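**Q** following is a predicted model, sequence given first.
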Amino acid sequence: MDNWALHRLLIDHEGRRTHPYRDSVGKITIGVGRNLTDRGLSGGEIDLLLANDIALARTIVTQLFGQDISAISTRRHHALLSMAFNLGGPRLSKFIKMRGAIALGDWDSAALHALDSRWATQTGRRADHIAAMMRAG
């Protein structure tokens, strides 16, 4: 059986979309005709998406904080990864004062700067938890 021929046929019939859209009957759909409204995602698909998003967060953190960031404590590294996961690179890069404090090794100030943001207001408990992780190391 020619799987590539089947792939091409399904893509021709369904289209290939990187972002969710409503199909012709109003169902939320993504990819090649994946009906999220009725079918959703399997546990394995969720895990794959999470693994890809964590890899992206690691790339963002390395780009913004340098290779040396892996030498910090696991808790602090996870705090930054969580922020990168949530915010993405462009928005995390705007935390200039927090990034400066981290560059100086001043994690208490970094936590304060993280909390002094619209992000902290929007995320509440998450921001408090991340700030505590930064402080505690």
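**A** Cool, the structure landed. Numbering: from 1, shown residues only.

**Q** report the secondary structure state of Thr29.
**A** Assigned by DSSP: H, G, I helix; E, B strand; the rest coil, the conformation of Thr29 is strand.

**Q** grab the nearest non-local neighbour of it.
**A** In this structure, Thr29 finds its nearest non-sequential neighbour in Asp23, 4.5 Å apart by C-beta to C-beta, 6 or more residues apart in numbering. Backbone N, C-alpha and C define where each C-beta goes, glycine included.

**Q** look up how far Leu104 lies from that neighbour.
**A** Separation of Asp23 from Leu104 (C-beta to C-beta, to the nearest Å): 52 Å.

**Q** neighbour-wise, which of those two wins?
**A** Asp23 (15 against 9; other C-beta atoms under 10 Å).

**Q** any weak-confidence spans in the protein?
**A** Along the chain, the model assigns pLDDT under 70 to residues 1.

**Q** mind giving me the domain split of it?
**A** Split into domains by automatic domain parsing, the chain comes to 3-35, 43-136.

**Q** for the longest helix seen in the chain, which residues meet the burial criterion?
**A** Using DSSP state H to define each element, the chain has its longest helix at helix 43-65. By neighbour count with 16 or more other C-beta atoms under 10 Å, helix 43-65 contains the buried residues Ala57, Arg58, Ile60, Val61, Leu64, Phe65.

**Q** one more: stretch 66-81?
**A** Result for stretch 66-81 [16+ other C-beta under 10 Å]: buried residues Ile69, Ile72, Arg76, His77, Ala79, Leu80, Leu81.
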